[in-house]
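**Student:** Coordinates only, no sequence provided:
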């Protein structure tokens, strides 16, 4: 149930934890246990639905 996290403010987190100037935050990992089972994943989309060449769709 733990997973990497994106979309947080790196600079703000560095201030909160008093990160020394010679260190850099590269990722955050959320550690925990789900309250309920996760929903089933829908699977992978066909390549022609996600890759476009020489045009915008």
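**Tutor:** Yep, it's here. Keep in mind it's a predicted model, so treat the numbers as computed, not measured.

**Student:** where in the protein is pLDDT low?
**Tutor:** Residue ranges of the chain with pLDDT under 70: 56-57.

**Student:** Identify the bridge partners of the nearest residue to residue 30 once chain neighbours are set aside.
**Tutor:** Using Cβ to Cβ, 6 or more residues apart in numbering and skipping the chain neighbours, the partner closest in space to residue 30 is residue 5 (5.1 Å). Just so you know, the C-beta spots here come from the backbone N, C-alpha and C atoms, and that holds for glycine as well. In this entry, residue 5 is beta-bridged to residue 28, by DSSP bridges.

**Student:** How many neighbouring residues does residue 5 have?
**Tutor:** 10 (other Cβ atoms under 10 Å).

**Student:** cool, and residue 13?
**Tutor:** When neighbours are defined as other Cβ under 10 Å, residue 13 has 12 of them.

**Student:** residues of whichever helix or strand it is part of that come out buried?
**Tutor:** Per DSSP states H and E, residue 13 falls inside helix 10-16. Neighbour counts over helix 10-16 (16 or more other Cβ atoms under 10 Å) mark no residue as buried.

**Student:** So which elements touch it?
**Tutor:** Using 3 or more Cβ pairs under 8 Å, 6 or more residues apart in numbering; DSSP states H and E, no helix or strand is in contact with helix 10-16.

**Student:** Mind listing residues that contact that helix?
**Tutor:** The contact list for helix 10-16 (Cβ atoms under 8 Å, 6 or more residues apart in numbering) reads 19, 25, 28.

**Student:** same check, this time on stretch 31-39
**Tutor:** 1, 2.

**Student:** and the contacts of helix 10-16 as a markdown table, adding neighbour count and distance to residue 51?
**Tutor:** Formatted as a markdown table, the contacts of helix 10-16 follow (neighbours: other Cβ atoms under 10 Å; distance: Cβ to Cβ, whole Å):
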| residue | neighbour count | distance to residue 51 |
| --- | --- | --- |
| 19 | 14 | 39 |
| 25 | 13 | 32 |
| 28 | 12 | 30 |
